[in-house]
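*Asks:* generate a structure from the sequence data that follows.
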Amino acid sequence: MAGQHLPVPRLQGVSQEQFMQHLYPQRKPVVLEGIDLGTCTSKWTVEYLSQVGGRKEVKIHVAAVPQMDFISKNFVYRTLPFDKLVQRAAEEKHKEFFISEDEKYYLRSLGEDPRKDVADIRKQFPLLEEDIKFPKFFKEEQFFSSVFRISSPGLQLWTHYDVMDNFLIQVTGKKRVVLFSPRDAQYLYLSGTKSEVLNIDDPDLAKYPLFSKARRYECSLNAGDVLFIPALWFHNVISEEFGVGVNVFWKHLPSECYDKTDTYGNKDLTAASRAAQILDRALKTLAELPEEYRDFYARRMVLHIQDKAYSKNFE
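*Replies:* Numbering: from 1, shown residues only. The predicted structure follows:
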C-alpha cells in the first residue's frame, strides 16, 4: 500500500502573533504567502546577483546527475567566484564545466571559517542584505544562521532533517518540497540524519519496502513563498527552475541543548548524542550473552524504551 500524500497547508498574510499562537505550537509544516520579504523577489535576477554578489569565491557541490546523494557522495566539491556560479547555475548546458556540459550546481553558503562560523548572508553578502527582510517571527537572540541556497534546474537534494526550526524563503524560481514527519523515521532507512531512499517518487520497494508506509506532505514553492519546516521534519527539495532561496534557522530550545560545535544546524542535540552513546554501550554489553538470551533481553529493552520514552501525544 502506498503511503498517504498530504498537501502542506497554505496561508495568506499570517501575522507574527497568529503564527506564534496558533501555528507554531502544532509543529507542522505550513506555507506562508504574502510575507513582506523586501525587494529581493524582484531584484535578485541573474544579472543583479552576479554584479552585487561579486567575485567572492564560494565552495559548491557539482554533480553529473540531478539526484544528489550525500551518503555515497556522488558529487565533487569545487570552488567558483560567486558571479560565475550564478551564471552557470542558470544555464541548462555549459560551455565551461568541471565534469560534463549538463552538470548540476548547488551552493549552500558557509561561514567565513565553516568549522567555527555559521552562515549569515548579512555578513557574507552584505550588499544583498538590504534587499531581504527575514520574517520576524522569532526573537533575535534565537537566530542561528541564514543560508544562501542556489540550485541548478532539476537538482534534487537528499532527504534529511535538521535539529533547528527554519524558514525556507523561496526568493526566485520554483521548488517542489516533500516532507515526512519525525514519527515516520522508521520507514525512511536512515543513515545518520539522511535517508538512503534517493528516488522518493519511484522508490525501489524491493530494497526499501517500509518506505511505502511513510506519509508524504508536499508543496510547491513559488517566488515569495515561505515554508516553515519544524525541527526534525525530513525534507527533500527539488528545484524545478533555477532559483535562489534563503534558509533562516533559529533555536527553538535553550542554547545549551545544542552541540556547540554545530555550524550547520544538523548535529543531534547533546542529550540525544549522549543517550545514543549509552545505548551503544548497552548493546555491546548484551553482545556478551548467547543469542537466545541476547534476543530476549533486547526485546525487553525495546519494550522498556517504548513504555518510558515514547510520547503518547505523538501516536
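
*Asks:* residue contacts, Arg294?
*Replies:* Contacts for Arg294 (Cβ atoms under 8 Å, 6 or more residues apart in numbering) come out as 286-287. (C-beta placed from N, C-alpha, C; glycine too.)

*Asks:* please identify which helix or strand holds it.
*Replies:* Per DSSP states H and E, Arg294 falls inside helix 291-308.

*Asks:* cool, and Arg78?
*Replies:* Applying DSSP H and E, one finds Arg78 within strand 75-81.

*Asks:* looking just at contacts, which helices and strands does that strand meet?
*Replies:* Counting contacts by 3 or more Cβ pairs under 8 Å, 6 or more residues apart in numbering; DSSP states H and E, strand 75-81 is packed against strand 57-63.

*Asks:* isn't there a strand covering Leu6?
*Replies:* Yes - counting by DSSP: H, G, I helix; E, B strand; the rest coil, Leu6 is located in a strand.

*Asks:* at which residues are the strands of the stretch 151-300 of the chain located?
*Replies:* 165-172, 175-180, 190-191, 194-195, 216-221, 226-229, 234-239, 243-250 (DSSP state E, counting those that start in this stretch).

*Asks:* between the ones you listed, which one is nearest to Asp120?
*Replies:* Evaluated over the strands of the stretch 151-300 of the chain, closeness to Asp120 peaks at strand 243-250, with 9.7 Å, by Cβ to Cβ.

*Asks:* what's the angle between the closest one and strand 175-180?
*Replies:* When axes from the mean of the first three to the mean of the last three Cα atoms, to 10 degrees is applied, the directions of strand 243-250 and strand 175-180 differ by 40 degrees.

*Asks:* looking at the strands of the stretch 151-300 of the chain, spot the one closest to Pro126.
*Replies:* strand 243-250 (14.3 Å).

*Asks:* now the closest one: average pLDDT?
*Replies:* Per-region confidence: strand 243-250 scores 94 on mean pLDDT.

*Asks:* got the angle for it vs strand 216-221?
*Replies:* Using the same axes, to 10 degrees: strand 243-250 against strand 216-221 is 120 degrees.

*Asks:* report whether the expected contact of Phe82 with Val52 is present.
*Replies:* No - when contacts are counted by Cβ atoms under 8 Å, Phe82 is not listed as touching Val52 (9.5 Å).

*Asks:* who has more neighbours, the two?
*Replies:* Phe82 (23 against 15; other Cβ atoms under 10 Å).

*Asks:* and that one, what pLDDT?
*Replies:* Value for Phe82, per-residue pLDDT: 94.

*Asks:* any idea how far Asp113 is from it?
*Replies:* Distance of Phe82 to Asp113, computed by Cβ to Cβ, to the nearest Å: 18 Å.

*Asks:* repeat that for Glu47.
*Replies:* From Glu47 to Asp113 the distance is 31 Å (Cβ to Cβ).

*Asks:* the more surrounded of those two?
*Replies:* Glu47 (12 against 8).

*Asks:* quick check: the more buried one is in a strand.
*Replies:* No - under three-state DSSP, Glu47 sits outside any strand and is assigned helix.

*Asks:* contacting residues for it?
*Replies:* Listed by Cβ under 8 Å, 6+ apart, Glu47 has no contact partners.

*Asks:* got it, and Tyr310?
*Replies:* Neighbour list for Tyr310: empty [criterion: Cβ under 8 Å, 6+ apart].

*Asks:* what distance do you get for the nearest residue to Lys267 once chain neighbours are set aside to Gly265?
*Replies:* The shortest distance from Lys267 to any non-neighbouring residue, by Cβ to Cβ, 6 or more residues apart in numbering, is to Asp259 (4.2 Å). As defined by Cβ to Cβ, Asp259 lies at a distance of 10 Å from Gly265.

*Asks:* with Pro135 instead?
*Replies:* From Pro135 to Gly265 the distance is 17 Å (Cβ to Cβ).

*Asks:* who has more neighbours out of the two?
*Replies:* Gly265 (22 against 17).

*Asks:* could you give the number of residues near Asn236?
*Replies:* For Asn236, using other Cβ under 10 Å, the count is 22.
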